[in-house]
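Asks: sequence and predicted structure, then a few things I'm wondering about:
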Amino acid sequence: MDCKRELRRRMVDRLRQLSPAEKQAYDRQIAAYLYRWRQWQEAKVVAITIAKETEVDTVPIIERAWQEGKTVGVPKCNPMTKTMTFRQIASFAQLEKAYAGLLEPIEEQTTALGHDEFDLIIVPGVCFTKTGYRIGYGGGYYDRYLQGITATTAALAYSFQVVEDIPVEDHDVPVEFMITDQGVIHCEP
């Protein structure tokens, strides 16, 4: 666990060192690969988070999804049970600052989306292996949510976030794909 914590801390430090211009260039490259990817093009219902400042910017990706007629689901966390649900948003005005400073859907203005409604789930993380395992932010929300999911799972990551090895625990659920600034990686165990 300490090893995960240390890896997370070092990678977040590295992410914070990106200049705004570098980050923007990487974000554009990642988005371009995502939009050309068959799974994105075929997906009708997409789950995605509203990114933190150190993560790949998801706002233009969500806007593109809406332009393409996709349904967008954003997570709503329950810190008491360490679980989350996804709710459909059609506007950024349907978000509020919530748990851990994240932007989450306002329940009264959004509708719930079930596990089985998604074609594509974009999973956040701090660092990843080529086999799809990831270190997230330490809450385990996605590992719990992804149990038994049939949707395609992918992560958006800067190429330097892909590392050789991370500690893997029994409950960890790998993503199937990573979209980086250098292209799409099909994660193979």
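Replies: Done, it's in. Numbering: from 1, shown residues only.
Asks: which stretches of this protein form strands?
Replies: When secondary structure is read from DSSP state E, the chain shows strands at 45-47, 71-78, 83-89, 95-97, 103-105, 111-113, 120-122, 127-128, 134-135, 152-157, 177-180, 183-186.
Asks: packing partners for the third one?
Replies: The one in question is strand 83-89. Of the remaining helices and strands, those touching strand 83-89 by 3 or more C-beta pairs under 8 Å, 6 or more residues apart in numbering; DSSP states H and E are strand 71-78, strand 103-105, strand 111-113, helix 141-145. The way it works is simple: take the backbone N, C-alpha and C, and place the C-beta from them, glycine included.
Asks: would you mind listing the buried residues in that strand?
Replies: 84-89 (16 or more other C-beta atoms under 10 Å).
Asks: and what of the first one?
Replies: Neighbour counts over strand 45-47 (16+ other C-beta under 10 Å) mark 45-47 as buried.
Asks: what residues does that strand touch?
Replies: Around strand 45-47, the neighbours that count as contacts under C-beta atoms under 8 Å, 6 or more residues apart in numbering are 40, 65, 70-75, 86, 113, 117-122, 151.
Asks: save the buried residues of strand 83-89 as JSON lines, and put in distance to A100 and pLDDT too.
Replies: As requested, the buried residues of strand 83-89 are arranged in JSON lines below (distance: C-beta to C-beta, whole Å; pLDDT from 0 to 100):
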{"residue": "M84", "distance to A100": "12", "pLDDT": "93"}
{"residue": "T85", "distance to A100": "16", "pLDDT": "94"}
{"residue": "F86", "distance to A100": "17", "pLDDT": "97"}
{"residue": "R87", "distance to A100": "17", "pLDDT": "97"}
{"residue": "Q88", "distance to A100": "22", "pLDDT": "98"}
{"residue": "I89", "distance to A100": "18", "pLDDT": "97"}
